[in-house]
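Asker: Starting from these lines, generate the structure:
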Amino acid sequence: VMAGRIFDPLGMDDTTYTPDRFDNDGVAHGYFDLMGDRVLVDSTESYANMCIGPDGGMISSARDLRTFYEHLFVVGDLLTSASLDEMMPNVPTGEEDFPLYGLGMETWGQSGPQGIGHGGHEFGYRTFAYHFPAEDITFVFWVNASSLQPTADNIAAVINEHRDHIRDIVLGAEN
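Answerer: From the prediction side, this is the model:
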């Protein structure tokens, strides 16, 4: 259904939904910091989407994800404006990095440039995809490493630090 309605019409040739396997050609290996101690283990073969739930299973490229966000937020041909308005982040989360949440969309950044989109993670992979309307920039940042045990100095903290730095460079907001 997603291929016929979204992927094919938008030319998203590198995108597929595979909820129960992860043996697709060309997929980067994922590395997971299991104990939060910066020791990374190859998690490619232990992809556990079936035990996580329906929120994963998408395999894509940065180009395809950018295409999706451009059509969602700029071109405006994926949803009606009423549906998109319903998704917009407006519920306070109490989180500094992502202060507002909506129906599948969150706001990234309290001060400075604000992006609308969503991040995600699976064992060994992190994704951040946000559209910054004021700057008319869509930002996609992918990392093939992750941790569910964030500590002050493990891989999750390193990823967040570099993610924010790269975002600021791309948006011209670096101090």
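Asker: which residue ranges form the helices in the chain?
Answerer: 2, 49-52, 62-69, 81-87, 155-170 (DSSP state H).
Asker: Ok, which of those helices comes nearest residue 75?
Answerer: helix 62-69 (9.6 Å; CB to CB). To be clear about C-beta, it is placed using only N, CA and C from the backbone, and glycine gets the same treatment.
Asker: list the buried ones in that closest one?
Answerer: 64-69 (16 or more other CB atoms under 10 Å).
Asker: repeat for stretch 112-131
Answerer: 113-118, 121-131.
Asker: May I have the distance across that stretch, first residue to last?
Answerer: Using CA to CA, to the nearest Å, the end-to-end distance of stretch 112-131 comes to 14 Å.
Asker: Now do the same contact list for residue 70.
Answerer: Listed by CB atoms under 8 Å, 6 or more residues apart in numbering, the contact set of residue 70 reads 131, 138.
Asker: what separates it from residue 157, distance-wise?
Answerer: 30 Å (CB to CB, to the nearest Å).
Asker: got it, and residue 42?
Answerer: For residue 42, the distance to residue 157 - CB to CB - is 21 Å.
Asker: Pick out whichever of these two has more residues nearby.
Answerer: Taking neighbours as other CB atoms under 10 Å, residue 42 and residue 157 compare with residue 157 leading, 15 against 11.
Asker: My read is that the more buried one contacts residue 151, right?
Answerer: Yes. With contact defined as CB atoms under 8 Å, residue 157 counts as touching residue 151 (6.8 Å).
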